[in-house]
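Peer 1: Pasting the sequence and the predicted coordinates here, then a few questions.
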Amino acid sequence: MKWAPSSPHKSLIGFLLVGALLLVYMAWAYQQMPGAILYGHNHTDRPVFSYFVNEAWGGNGGAVCCTRIEGDVLTVQWIKGRTGEQVRQGVEKETITRQVPNPPRTRQDKYLHVHFFPGDQVRLFWSPNLDSPYENLKEAPEQEVANGSH
């Protein structure tokens with residue numbers, strides 16, 4: 001006669017299988033970085049009309065939530081707008097694209113600060129809050145080199 005698991009055994013096997021799958025999912029989810037809040041800072045004399053980091057829209061000022069930002073090198077694209085005076089002077093809108101290293105990030109870092117500096121320079125900084133060491137700078141700090149440790 002062939003042995004077949006009884007109903008309580010089937011329930012236990014099913015429960016253990018679901019529990020194992022749940023544990024695997026939780027371990028995977030814990031290893032993923034949380035979503036990012038993009039926070040733009042403009043240090044130039046021209047408005048930033050809109051910007052993107054790896055195709056994630058960052059708005060035209062303030063914080064925009066929530067998106068995944070991954071990769072050792074990020075693509076930052078922004079549209080340099082114009083003030084009323086600049087329009088009268090004939091200044092045109094411009095779209096700028098730069099490849100920049102993704103700075104080191106910890107699990108607590110939820111803000112990606114995107115700093116636009118004169119000379120079409122952009123710098124990035126991860127932070128757990130709204131503070132960034134680049135906030136009061138007038139010129140872009142030296143660019144750090146991406147090292148692949150993200």
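Peer 2: Thanks, I have it. Numbers count the residues shown, from 1 in each chain.
Peer 1: which residues does residue 130 contact?
Peer 2: 39, 63, 111 (CB atoms under 8 Å, 6 or more residues apart in numbering). For the C-beta atoms, the positions are set from N, CA and C on the backbone; glycine is no exception.
Peer 1: Tell me which helix or strand residue 8 sits in.
Peer 2: helix 7-31 (DSSP states H and E).
Peer 1: and residue 34, what pLDDT?
Peer 2: Note on residue 34: pLDDT of 70.
Peer 1: what's the closest non-adjacent residue to it?
Peer 2: Sequence neighbours aside, residue 110 is the residue nearest to residue 34 in space, at 6.2 Å (criterion: CB to CB, 6 or more residues apart in numbering).
Peer 1: before we move on, the earlier item: from the contacts of residue 130, which land in helices?
Peer 2: Per DSSP state H, helices hold no members of the contacts of residue 130.
Peer 1: Buried among those residues? Make that a ChimeraX selection.
Peer 2: Buried subset of the contacts of residue 130, written as a ChimeraX selection, criterion 16 or more other CB atoms under 10 Å:
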select :39,111
